[in-house]
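*Asks:* with the input below, show me the fold.
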Amino acid sequence: MKRAMRAAPGPLPLLGLLLLLGALPGLWTLLLRLEAAARREPDSEPRPPAGTPSGLWGWGRSPAARGERGGDGQKTFRALLAVPAAGQEEGGGEGQFVAAGSPPPAATASPVERGIFWSRELEAQVPPGFAAEEAAAWLSAARASRVASLERGGCGRSSNRLARLSDGSRACVRYGINPEQIQGEALSYHLAGVLGMQERLPPMALALVEARGRQWESVRDELRGSHWAEGAVVSLTRWVDNLTAVVAPAPWGAEAGAGRWLQPLSAGQLGGLSPSQLVELVQWSDLILFDYLTANFDRLVSNLFSLQWDPRVMRRATSNLLRAPDGGLVFMDNEAGLVHGYRLLAMWDPYNEPLLRSVCVFREGTARRVAELHRRRSAAAELRRRYRAREPLWARLGFLSERQAELLQARVDFVHRHIAHCRAQ
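*Replies:* Numbering: from 1, shown residues only. Model prediction:
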C-alpha cells in the first residue's frame with residue numbers, strides 16, 4: 001500500500017509538467033528571434049576582448065581619468081573603432097549609439113552616406129579654413145606689398161624669415177636649400193586647389209629676391225645677412241595666429257607600436273565618436289590622401305619613420321600640421337611634396353601607401369575629383385593649367401618633368417582604385 005502511494009503522481013509534479021508545456025511556445029519564439037537577429041547582424045569584424053575601453057583616439061580624458069581600466073593588449077584600428085563607448089549600447093542603425101540611462105534620440109544621422117562618403121551634414125560642420133575669396137585678396141595684397149621687416153624665428157628652418165608687409169600683414173618667407181623645395185611647395189598648393197581642398201592650406205605666393213627691387217628695398221641690410229642668393233625664388237605664406245600642435249589620433253600610434261599596419265577606417269567603425277572627433281577625421285581623410293598624391297614624407301610619415309628609435313613619437317605633435325582656433329586643420333609647409341618626394345619614393349612609399357590604405361571613408365567631392373582626373377588622365381594637365389593661371393612667377397621654377405607628371409597620374413590612378421576597393425567591400 002505504501003509503495004502504491006509513493007508511485008502515484010502527486011499534484012506538484014503534475015503542475016510542474018503543465019507549466020513546462022506552457023513555457024515551450026515562449027522559448028521557441030525567443031529562439032526564433034535570436035536566430036533572426038544573428039542573420040541580420042553578422043559580426044564579420046574581429047572585436048577586442050570584453051572590457052576594452054573605447055575613446056582611444058587621443059581626444060578627451062584618458063581611460064584612467066574616467067575610472068576605466070586599461071586595454072587588454074594591442075588592438076587593431078578596426079577593432080578600436082568597432083566598440084561603442086563605455087556605457088553605451090549599439091542601436092539598430094549604422095552609427096547610432098544611445099547612452100545608457102538617457103532617453104534615446106528621435107533620430108541620429110549616420111556620419112557616412114552610401115558606405116564610403118562622409119555625410120553632407122558632417123561635412124557642413126568642418127571649419128571653412130581659408131576661403132577662396134579671402135585667399136585671393138591676401139595673395140593680391142602680398143604681391144603688391146613691400147617687405148617692411150624680416151625677422152628670424154617662427155618659420156621653420158634658420159634660412160627662413162618672418163616678414164612684416166607694408167599692409168600690416170605677416171608672411172613666412174621660405175628660402176629653399178634647393179629650388180625644388182619651393183617648387184614643391186607651390187605645386188602642392190595648386191594641386192590642393194585641383195583636388196578641392198585648398199582651403200586647408202594657407203595662401204601661398206612666389207616672390208623674386210631682388211635687393212634693389214621695390215618689394216625688398218626696405219630690408220636690403222637684412223637680405224645681406226640672410227645669405228639669400230640674388231634672383232632666388234622664395235615663397236610667401238600667410239602667417240596665421242594662434243595655431244596649436246596636432247597629435248595624430250591614438251590608433252595610428254597603437255598599430256605602429258605593435259609592428260602592424262593599419263586596417264581601413266570604414267563606415268561601420270565610427271560608433272561612439274563625438275561630432276568633433278568625426279569632424280577632425282573628415283580632415284584627416286583628406287590629409288592622408290593629399291600626402292599620398294604628393295608623396296609628402298615630412299608630416300605623419302616622418303613620425304612613423306621615427307618610430308624605429310623613438311617609440312613615443314606618435315604621441316607627440318605631427319610634423320607640419322597645426323590646428324586653428326576653430327578646430328580646422330592647417331596643412332603647413334608642403335615643400336617635401338611632388339618634386340622632392342617623387343625622388344625618394346622607394347624610401348617613403350612603404351609608409352605613405354599603408355597610410356592611404358588606412359582610410360576607407362572620403363569626402364565625396366575629393367573622390368569625385370580623383371575619379372575625373374583618373375577618367376580623363378589629366379592630373380598633370382589640370383595642375384599645369386591652374387599653376388600657370390594663378391602664379392605669375394611659375395616659369396621661374398618650371399613645372400613637373402614628364403616622368404614626374406606620369407608619377408602623379410599613376411598615384412591618382414592608385415587612389416581611384418583604392419576608393420573603388422573600399423566601395424566594393
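*Asks:* what pairs with the helix or strand Ala245 falls within, parallel or antiparallel?
*Replies:* If you go by DSSP states H and E, Ala245 is part of strand 244-247. Strand 244-247 pairs in its sheet with strand 317-323 (antiparallel), by DSSP bridges.
*Asks:* next secondary structure after the partner strand?
*Replies:* As assigned by DSSP H and E, the chain's next helix or strand after strand 317-323 is strand 329-331.
*Asks:* pairing partners for that following strand, with directions?
*Replies:* As assigned by DSSP bridges, strand 329-331 forms pairs with strand 317-323 (antiparallel).
*Asks:* buried residues, the partner strand. List them.
*Replies:* The neighbour-count check on strand 317-323 (16 or more other C-beta atoms under 10 Å) flags Thr318, Ser319, Asn320, Leu321, Leu322, Arg323 as buried. C-betas here are computed from N, CA, C, even on glycine.
*Asks:* and for Val415, the neighbour number?
*Replies:* Using other C-beta atoms under 10 Å, Val415 is surrounded by 23 other residues.
*Asks:* residues in contact with the strand holding Ala245?
*Replies:* Contact partners of strand 244-247, identified using C-beta atoms under 8 Å, 6 or more residues apart in numbering, comprise Gly58, Met314, Arg315, Arg316, Ala317, Thr318, Leu321, Leu322, Arg323, Leu329.
*Asks:* 7 Å - rerun?
*Replies:* Gly58, Arg315, Arg316, Ala317, Thr318, Leu321, Leu322, Arg323, Leu329 (C-beta atoms under 7 Å, 6 or more residues apart in numbering).
*Asks:* count the neighbours of the third one for me.
*Replies:* The one in question is Arg316. By the criterion of other C-beta under 10 Å, Arg316 has 14 neighbours.
*Asks:* who does the residue lying closest to it once chain neighbours are set aside bridge with?
*Replies:* Take Arg316 and drop its neighbours on the chain: the residue closest to it by C-beta to C-beta, 6 or more residues apart in numbering is Val247, 6.8 Å away. Val247 has these beta-bridge partners by DSSP bridges: Ala317.
*Asks:* any idea of the pLDDT on Val247?
*Replies:* pLDDT, Val247: 91.
*Asks:* residues contacting the closest residue to Ala135 other than its chain neighbours?
*Replies:* Once flanking residues are discounted, Ala135 sits nearest to Pro203: 4.1 Å by C-beta to C-beta, 6+ apart. Pro203 makes contact with Phe130, Ala135, Trp138, Leu139, Arg238, according to C-beta under 7 Å, 6+ apart.
*Asks:* how is the chain partitioned into domains?
*Replies:* Using automatic domain parsing, the domain parsing of the chain gives 132-238, 244-424.
*Asks:* lowest-confidence stretch among those domains?
*Replies:* Mean pLDDT per stretch puts domain 244-424 lowest among the domains of the chain, at a mean of 91.
*Asks:* give the bridge partners for Leu321, please.
*Replies:* According to DSSP bridges, beta-bridge pairing links Leu321 with Phe331.
*Asks:* identify the residues contacting it.
*Replies:* Under the criterion of C-beta under 7 Å, 6+ apart, the neighbours of Leu321 are Val246, Arg299, Leu329, Phe331, Met332.
*Asks:* what's the helix or strand for Glu222?
*Replies:* Applying DSSP H and E, one finds Glu222 within helix 220-226.
*Asks:* Ser276 versus Ser119, what's the distance?
*Replies:* 15 Å (C-beta to C-beta, to the nearest Å).
*Asks:* which one's more surrounded, those two?
*Replies:* Between Ser119 and Ser276, Ser119 has the larger neighbour count (other C-beta under 10 Å), namely 19 against 12.
*Asks:* the more buried one contacts Ala109, doesn't it?
*Replies:* Yes. Applying C-beta atoms under 7 Å, one finds Ser119 in contact with Ala109, separated by 6.3 Å.
*Asks:* how many neighbouring residues does Arg343 have?
*Replies:* A total of 12 residues lie near Arg343 under the criterion other C-beta under 10 Å.
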